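Asker: make a model of this:
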Amino acid sequence: MSRRKAREIAFKVIFQVDQVQAEPKKAFNYLIENENLAQRDWSFAWELVEGVLDKMPEIDCRIAGYSRDWAVDRMASVDRNIMRLAGYEIMFTDHSQPVVAIDEAIEIAKRYGDEGSASFVNAILDKLLGEKA
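Answerer: Down below sits the predicted model:
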């Protein structure tokens, strides 16, 4: 459950950077002070934030390749940033299980997205995972 919370905080930081060009470290520090994230999970959450921001062009290119009807910048910001987060884990980390990253992304989409977010996120991430296999 604590990794889910770390992913959720990373998503919130990435979302803020995307929407209002927030300074990532300030947004992260604010969230860990005001959310109940165990200190042992701070480094995992920050690794996700840094990784997504560093690899965003590559992640967006892959997401765009599987979304025929929507350019990444025209997707709902919640969906886009959830997929960026899970996409980073699928594409660039060895310590995470891709299926877990997708399951967590779906749960975050259910909580923060609209009615179709979870299925849209799932469809794109499944394709991204299939590419890696």
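Asker: for the residue nearest to Asn36 when sequence neighbours are not counted, the count of nearby residues, please.
Answerer: In space, and not counting its chain neighbours, Asn36 is closest to Lys5: 7.2 Å by CB to CB, 6 or more residues apart in numbering. Quick note: C-beta positions are derived from backbone N, CA and C, even for glycine. Using other CB atoms under 10 Å, Lys5 has 16 neighbouring residues.
Asker: center of the chain - which residue?
Answerer: Among the residues of the chain, the one closest to the centroid is Leu85, at 2.0 Å (CA atoms, centre = their mean).
Asker: can you list the helices and strands that the host helix or strand of that residue packs against?
Answerer: Per DSSP states H and E: Leu85 is located in helix 77-92. Counting contacts by 3 or more CB pairs under 8 Å, 6 or more residues apart in numbering; DSSP states H and E, helix 77-92 is packed against helix 2-20, helix 42-66, helix 98-112, helix 117-132.
Asker: roughly how far out does it sit from the chain middle?
Answerer: Centre-to-centre, helix 77-92 and its host chain are 4 Å apart (CA atoms, centre = their mean, to the nearest Å).
Asker: what residues sit buried inside that helix?
Answerer: Within helix 77-92, the residues that qualify as buried are 78-91, counting by 16 or more other CB atoms under 10 Å.
Asker: contact partners of that helix?
Answerer: With contact meaning CB atoms under 8 Å, 6 or more residues apart in numbering, helix 77-92 is reached by 7, 10-11, 14-15, 18-19, 48, 51-52, 55-56, 58-60, 62-63, 72-73, 75, 96, 98, 101-102, 104-105, 108-109, 112-114, 117, 120-121, 124-125, 128-129, 132.
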